[in-house]
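Student: let's see this in three dimensions:
(one chain, ligands or ions: 2)
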Amino acid sequence: MDGNGRWAKARGLPRTAGHRRGVEAVREAVRTAADLRIPYLTLFAFSSENWNRPAEEVRDLMGLLKLFIRRDLADLHKEGVRVRVIGARDNLAADIRALLEEAESLTRDNTNMTVVVAFNYGARDEVARAMRRIAEKLASGDVSIEELSVETLDQHLDTAGIPDPDLIIRTSGELRLSNFLLWQAAYSEFAFLPCLWPDFDRKTFQDVVEEFATRDRRFGGISREIAS
Ligand code: IPE
Ligand code: MG
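Tutor: Numbers count the residues shown, from 1 in each chain. Ligands and ions are numbered 1, 2, ... in the order given. Now for the predicted structure:
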């Protein structure tokens, strides 16, 4: 979700206003994903590098997350949405941690769709934390070196149990991944859209999913057309 700041700047508004509109776009995106029967929607809300922003903006983004959970959690739960949060927890404020845990525990048995909130998330940090957890198991003898595999890392990442993303959408015209799901994106399709995140609406989402459905995904193999 990129481009909130530019959206605001283009209107002579403070960046805060862009983030607020960004939350509206999140609501619409979750509704659209549910209507399209998309089982997993991951939202990159705050990266492990976003701490480098001015303190005032960091505070604003933290405040918006709290506001979003307080205002929207009951509705999400009613809609059968399961919330999962990926990212580091230890350097988050206690009230934020508690809200994230509340969102996860309240909705853990919901089955309509899963919304994964990437908050304080960075893929390299995620891999480093997974590596530490695996090293602890090696040290205690729970896991042997011979057992280490692709699955071992999968199972120790924050995304354990969540399928790899089929489609990664980035708004605002930037052509980079910015430390998002590096391991999980091995065979993801990408859509880089010029529109700024606050302008990402139902139609834009539907169009990109429709275009995605026409892609020939080979996963290193050959085209289904050629194979048959
Ligand atoms: C994306 O918009 C939002 C989030 C992190 C949190 P930006 O804040 O990155 O907006 P630009 O890139 O400055 O336009
Ligand atoms: Mg940005």
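Student: near ligand 1, which residues of the protein?
Tutor: M1, D2, G3, N4, G5, R6, G22, F46, N50, L61, S172, W197 (Cβ under 6 Å from any ligand atom). From N, CA and C alone the C-beta is placed, and that goes for glycine too.
Student: among the residues you listed, which two are most distant?
Tutor: Taking Cβ to Cβ, the two most distant members of those are R6 and F46; they sit 17.7 Å apart.
Student: chain neighbours aside, what residue packs nearest to whatever residue of the chain ends up closest to ligand 1?
Tutor: Distance from ligand 1 to each residue of the chain (Cβ to the nearest ligand atom) is smallest for G5, at 2.5 Å. Leaving aside its sequence neighbours, G5 sits nearest to R15 (Cβ to Cβ, 6 or more residues apart in numbering; 4.6 Å).
Student: could you pull up the residues touching the one you found?
Tutor: N4, G5, A8, K9, E57, D60 (Cβ atoms under 8 Å, 6 or more residues apart in numbering).
Student: got it, and A10?
Tutor: Contacts of A10 (Cβ under 8 Å, 6+ apart): L196.
Student: give me the distance between it and A123.
Tutor: In this view, A10 and A123 are 30 Å apart by Cβ to Cβ, to the nearest Å.
Student: over to E174?
Tutor: Look at E174 and A123: by Cβ to Cβ, they are 16 Å apart.
Student: and if you look at P39?
Tutor: Distance from P39 to A123, by Cβ to Cβ: 22 Å.
Student: now swap in S105 and tell me
Tutor: 25 Å.
Student: quick revisit: among the residues of the chain next to ligand 1, which are in strands?
Tutor: F46 (DSSP state E).
Student: mark which of the residues of the chain next to ligand 1 are buried, thanks.
Tutor: Buried subset of the residues of the chain next to ligand 1 (neighbour count, 16 or more other Cβ atoms under 10 Å): M1, D2, G3, N4, G5, R6, G22, F46, N50, L61, S172, W197.
Student: next step: these restricted to helices.
Tutor: N4, G5, R6, G22, L61 (DSSP state H).
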